[in-house]
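Trainee: here you go, sequence then predicted model.
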Amino acid sequence: MKVKFILNGKPVELDVDPRETLIDTLRLRLKVKSVKRGCERGECGSCTVLINGNPVVSCILLTIQINGAEITTVEGLVGDILLEKLAKNFIDNGAIQCGFCTPGILLTAYAGIKQGKIKKSEDVKEYVNNLCRCTGYVKIIEAIAKTANEVWGHER
Amino acid sequence: MVIEIPLVNITARNTHIIPFEFEYYEPRSLEEALELLAKFKGEAKILAGGTDLLVKMKTRIIEPKVIVNIKRIQGLRYIIEENEHIRIGALTTLRDIEKSTIVEKNLPALHDAVKVMGSIQIRNMATLVGNLCNASPAADTAPPLLVYNARVVAMSTRGKRFIPLEEFFKGPGITALEPDEMLVEVIVKKNNKGSSAFEKVSRVVVDLAIASAAVYAEISSDGVIEDSRVAVGSVAPKPIRTRILEERIKGLRLGSEELKKAIYEIDREISPITDVRSTAEYRRHIVKVLVWNAIERVYRRIRGECV
């Protein structure tokens, strides 16, 4: 089945099996490896991608469902000021351990900060519910809150 | 520039492709969708957000022969406020409802519920109508809509019918929809006199409810319940209204010993089970706390002390 979409700013056109989920199309056909295969049922958020700027999970989404949409992964945000800020704060705060959940969390936090839904640290827990099995979340929340503060300047 | 991608045999790799074949349709109009449902009868499943359907398909709990993706149908994603009613379309997502000031102002219990349903990713995908059609006893949107006396609109090639939500749920995963019918709209009558609230407990915020309760109530300024409607989730085979309780708490005062005793009698109307999320005993206990808290919150809302 023919499907067309924009991936990280570039138009993509391919023939997919209707049974194929977006995570498989991205990882296996398009070699976008930042999208991680986690729980496979939409619970963990590791396979998060942005569709038209909004975070969704790609493991319980058929590729044919997103025909015509605009998809963004962290690869498409290299050089983006907000993502670079987030990444720097993740590194400085020790918010990464194994790194498996990091791309999904970065994208979710990116959308939240960009849309003004995350402005202060209390907003982080409400918006970002991705699972992380290493850090215990504290460092991640701090890194996102710090970035939000840099962008929106609500604290201090 | 269009990138040409060579076709790879995706089934030969490490993949979790849906493990069975199905026919896939993408109708452009409601009429076309209804014709497909009429043609395939019970063999077709409707796909909207897919957050419940695709998980069930991946784990082979269900193996539909036909998938009808209704996402391409224009004009089904709306929240419309009329004089007496609010109408919500089949493709309206939980996130749309969460962001809607119409819902926040008129249907606060529904707003409470969608705020704590799944992660932001799930709320961006899942639809309200899908949550109802999945008919889980733990569906968080059900208790609020039950206390609002919501009606749903089912359509098929044979016509249109209105079903009170209370009659829509038949059991776990079972609804009053005929195999060729599609739920196209939810209609909620506005209530101007009282207010409403929804409470739930779950292991973590985004998880399915261990138990939940929604209350619509009219409470006098000195804290006497004049009228109420109460619905609970995850404590019976389907989300239910607790009409005996509603009758019992009429005329009782908030915070009183009588109200506490009356709420304890909810035991007669519920039949919780023990599962991975909780024991039946805990559900029995906590649902009473939730009803109590929801009534308190309704009172604070009426007095304008909380949003």
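Mentor: Here it is on my side, so go on.
Trainee: so B:Pro144 is in which element?
Mentor: According to DSSP states H and E, B:Pro144 maps onto helix B:142-147.
Trainee: ok, now A:Gly104?
Mentor: Here A:Gly104 is assigned to helix A:102-114, by DSSP H and E.
Trainee: does anything pack onto the following helix or strand past that helix? Which helices or strands?
Mentor: Next helix or strand after helix A:102-114 toward the C-terminus (DSSP H and E): helix A:121-127. In this structure, helix A:121-127 makes packing contacts with helix A:102-114, helix A:138-152, judged by 3 or more C-beta pairs under 8 Å, 6 or more residues apart in numbering or on different chains; DSSP states H and E. Any C-beta I mention is one placed from the backbone N, CA and C, and that applies to glycine too.
Trainee: please identify the buried residues of helix A:121-127?
Mentor: Neighbour counts over helix A:121-127 (16 or more other C-beta atoms under 10 Å in any protein chain shown) mark A:121, A:123-124, A:127 as buried.
Trainee: which residues does residue 73 contact?
Mentor: Since you didn't name a chain, this refers to chain A. Contacts for A:Thr73 (C-beta atoms under 8 Å, 6 or more residues apart in numbering or on different chains) come out as A:7-8, A:26, A:32, A:34-35, A:49-50, A:103, A:107.
Trainee: let me rephrase: I mean chain B.
Mentor: B:27-30, B:33, B:91 are the contacts of B:Ile73 under C-beta under 8 Å, 6+ apart.
Trainee: surely A:Val56 is in a strand?
Mentor: Yes: assessed by DSSP: H, G, I helix; E, B strand; the rest coil, A:Val56 belongs to a strand.
Trainee: from the stretch 151-300 of chain B, which residue is nearest to chain A?
Mentor: For the stretch 151-300 of chain B and chain A, the shortest gap (C-beta to the nearest C-beta) falls at B:Val206, measuring 4.7 Å.
Trainee: now do the stretch 101-250 of chain B
Mentor: Per C-beta to the nearest C-beta, B:Ser119 is where the stretch 101-250 of chain B lies closest to chain A, at 3.9 Å.
Trainee: is that residue in contact with A:Asn130, as I believe?
Mentor: Yes: between B:Ser119 and A:Asn130 there is a contact under C-beta atoms under 8 Å: 7.1 Å.
Trainee: what is in contact with the two at once?
Mentor: A:Gly45.
Trainee: who in chain A is up against chain B?
Mentor: Within chain A, the positions lying close to chain B (C-beta under 8 Å from any C-beta of the partner chain) are A:1, A:10-15, A:17-21, A:24, A:28-30, A:37, A:40-42, A:45, A:48, A:51, A:54-57, A:59-62, A:64-65, A:108, A:111-112, A:127-130.
Trainee: now that we have those residues, which of them are buried?
Mentor: A:12, A:14, A:17-21, A:24, A:28-30, A:37, A:40-42, A:45, A:48, A:51, A:54-57, A:59-62, A:64-65, A:108, A:111-112, A:127-130.
Trainee: ok, back up a step: reformat the contacts of A:Thr73 as a markdown table; add secondary structure.
Mentor: Shown next, in a markdown table, are the contacts of A:Thr73 (three-state DSSP):
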| residue | secondary structure |
| --- | --- |
| A:Leu7 | strand |
| A:Asn8 | coil |
| A:Leu26 | helix |
| A:Val32 | coil |
| A:Ser34 | coil |
| A:Val35 | coil |
| A:Val49 | strand |
| A:Leu50 | strand |
| A:Pro103 | helix |
| A:Leu107 | helix |
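Trainee: what residues go with each domain of chain A?
Mentor: Residue ranges for the domains of chain A, per automatic domain parsing: A:2-76, A:79-152.
Trainee: the longest one: end-to-end distance?
Mentor: Right, the one you point to is domain A:2-76. Taking C-alpha to C-alpha, to the nearest Å as the measure, domain A:2-76 stretches 23 Å from start to finish.
Trainee: if you average pLDDT over that domain, what comes out?
Mentor: Mean pLDDT, domain A:2-76: 96.
Trainee: just to revisit the earlier point, so which elements touch the helix holding B:Pro144?
Mentor: Using 3+ C-beta pairs under 8 Å, 6+ apart: helix B:142-147 touches helix B:108-115, helix B:128-134, helix B:165-168, strand B:195-201, strand B:211-219, strand B:225-233, strand B:240-241.
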